[in-house]
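In: generate a structure from the sequence data that follows.
(one chain, ligands or ions: 1)
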Amino acid sequence: MIFKLEGFKTTLWSALCSSLAFFLAFYSFNYWQNKVYLIEQVLLGLFLVSVVFSAQFSRSRFSLLTILWLIYYLVESQWLPGKAYFESENEWVYLSGIFSLTLLVFIKDRGLLSLHGLLRVFSLVVVILVAKAWLFISVWLFAYLQPLTLPYLDILLIKIEVPLYILGIAILYKSLSTPNLLVSSILTSFVVWSLLYKQQIELPLSVTMTLLLLQYILVVVIDSYYLAYRDELTGLASRRSLNQLALSLSRKYTVAMLDIDHFKKFNDTYGHDIGDQVLKLVAAKLAQVKNGGRVFRYGGEEFTVVFPRKESADTLGELERLRQAIADYKITIRHPVRKTKKERDSKQSTTYKTVSVTISIGVATRQAKESFEQTLKRADQALYRAKKAGRNKVSE
Ligand SMILES: Nc1nc2c(ncn2[C@@H]2O[C@H](COP(=O)(O)OP(=O)(O)OP(=O)(O)O)[C@@H](O)[C@H]2O)c(=O)[nH]1
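Out: As a prediction, this is how the structure comes out:
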């Protein structure tokens, strides 16, 4: 399987924004150093907001993570007893952190106040115990390896560095391979936690916590926005976004409705999963629209392109180009035709096949006193005419 860097951009953005936040906090120290008391008060509220807000928006992993940070913060700042114990067991505390963060990356978000939530809390307790067990095992492993007198071998390497690098790489892999802001934020938390352990963050703990919690809250807001305004399958703006745009359009605009031809037949021939793949690829082509067009997934195999401040005559060339680009697009798919036993054994027959689809387009320019819905309806009627005229056409 080829490693896809689909989460590269998300990881990079998350790392850049977090670094910038820490950098600014550090260099504006003079400004806020006498306000630390106020920050500590606000922070307690932020903990509550982060737990409740994340749970409310089905990001329970952030809720759990916030609760873990809260326990750590309360003990470290002596609101709760146990600071001396934390210090004497600092390796266990650190390992518990990195084990818990790894667990949170690989589990799914489920309701906090449910059986699933309880199971997640239980899993966290288990990984914390596993961290303790690792400390015992590592001592035994070190004693076993010591006679080999390997260079660089020391007890800390086995105890701390080995799990740190293995789990760090696992989290980095997950973050780079899935475009998920929540996972990227956990990666940031992993780095912050490691820097805290090595005492390399020269900011008060309350400020570090504030920055992390603000990041979690912001990520929940951004994620929820994307969920509401982006289509999950194609990544295009959703119909809700289209309705939003409709409110801000000026008096002059052109709307195009686009529909994949005979898509039902395509689905029936190749299956729904391949239909989904083709929808994604067509959407990616449409997203390259020029001339100021904005693309939306209207629903199913229908798309809408809105050209603000344009007459239809200004858009026909671009729409024709899109239609042609899709008609010429040779899409390679894995053909799921069942093979005979002989074919399977011979391994000669290829499972790949090239297919193509066409789209029909209907265009309408807003007329005086017309609402957006009315223009859209006329574009839909034009689309119907394009279908009637034999498909793979642009019609006004
Ligand atoms: N794979 C997949 N198929 C979808 C999706 N949304 C809608 N469809 C399918 O798109 C097809 C639309 O079929 P119809 O509306 O009958 O139109 P058509 O077969 O494209 O024919 P014409 O529009 O007349 O050219 C249906 O089979 C839907 O199941 C989706 O998200 N994924």
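In: going by C-alpha atoms from here, please, whenever you check contacts or count neighbours.
Out: OK.
In: count of residues packed around the residue lying closest to Val121 once chain neighbours are set aside?
Out: Nearest non-adjacent residue to Val121, counting by C-alpha to C-alpha, 6 or more residues apart in numbering: Leu64, 7.8 Å away. If you count neighbours by other C-alpha atoms under 10 Å, Leu64 ends up with 22.
In: can you tell me the element Leu64 falls in?
Out: helix 60-76 (DSSP states H and E).
In: could you list the buried residues of that helix?
Out: Buried residues in helix 60-76, counted by 16 or more other C-alpha atoms under 10 Å: 60-67, 69-70, 72-73, 75-76.
In: ditto for stretch 34-42
Out: For stretch 34-42, a neighbour-count test (16+ other C-alpha under 10 Å) marks 39-40 as buried.
In: next: stretch 172-192.
Out: By neighbour count on 16+ other C-alpha under 10 Å, the buried set for stretch 172-192 is 172-190, 192.
In: which residue ranges of the stretch 1-150 of the chain form helices?
Out: With DSSP state H, counting those that start in this stretch as the criterion, the stretch 1-150 of the chain has helices at 8-27, 29-32, 36-56, 60-76, 83-88, 90-106, 115-145.
In: beyond the worst-scoring helix or strand of the chain on mean pLDDT, next helix or strand please.
Out: In the chain, the helix or strand scored least confidently by mean pLDDT, DSSP states H and E is helix 341-346, which has a mean of 54. The helix or strand immediately downstream of helix 341-346 is strand 352-355, counting by DSSP H and E.
In: what packs against that next one?
Out: strand 331-334 (3 or more C-alpha pairs under 8 Å, 6 or more residues apart in numbering; DSSP states H and E).
In: what's next to the strand it packs on, contact-wise?
Out: Residues outside strand 331-334 that contact it (C-alpha atoms under 8 Å, 6 or more residues apart in numbering) are 274, 278, 351-356.
In: stretch 165-178 too?
Out: 3-8, 10-11, 98-99, 102, 105, 183-184, 187, 190.
In: still on that earlier bit, and the helix holding Leu64 with helix 90-106, angle?
Out: In terms of direction (axes from the mean of the first three to the mean of the last three C-alpha atoms, to 10 degrees), helix 60-76 departs from helix 90-106 by 170 degrees.
In: centre of the chain to whichever strand or helix holds Val191, how far?
Out: Using DSSP H and E, Val191 sits within helix 181-197. Distance of helix 181-197 from its chain centroid, counting by C-alpha atoms, centre = their mean, to the nearest Å, is 16 Å.
In: and the helix or strand just after it, what's buried?
Out: Using DSSP H and E, the helix or strand that follows helix 181-197 towards the C-terminus is helix 205-229. Residues 206-217, 219-220, 223, 229 are the ones in helix 205-229 that count as buried (16+ other C-alpha under 10 Å).
In: wait, which of the residues you listed is closest to Pro81?
Out: Closest approach between the buried residues of helix 205-229 and Pro81, by C-alpha to C-alpha: Ser206, at 17.6 Å.
In: quick one: residues contacting the closest one.
Out: Contacts of Ser206 (C-alpha under 8 Å, 6+ apart): 36, 39-40, 43, 73.
In: recalculate using a threshold of 10 Å.
Out: 36-37, 39-44, 73, 77, 212 (C-alpha atoms under 10 Å, 6 or more residues apart in numbering).
In: considering those residues, which is situated nearest to the ligand?
Out: Leu212 (36.8 Å; C-alpha to the nearest ligand atom).
In: spatially, what comes nearest to the closest one if we skip its sequence neighbours?
Out: According to C-alpha to C-alpha, 6+ apart, the nearest residue to Leu212 is Ser189 (7.3 Å).
In: so the one you found touches Leu65, yeah?
Out: Yes: at 9.3 Å, Ser189 counts as touching Leu65 under the criterion of C-alpha atoms under 10 Å.
In: and for the two, which residues touch both?
Out: Joint contacts of Ser189 and Leu65 (C-alpha under 10 Å, 6+ apart) are 97, 101, 216.
In: now do the buried residues in stretch 239-251.
Out: Those would be 239-242, for stretch 239-251 by 16+ other C-alpha under 10 Å.
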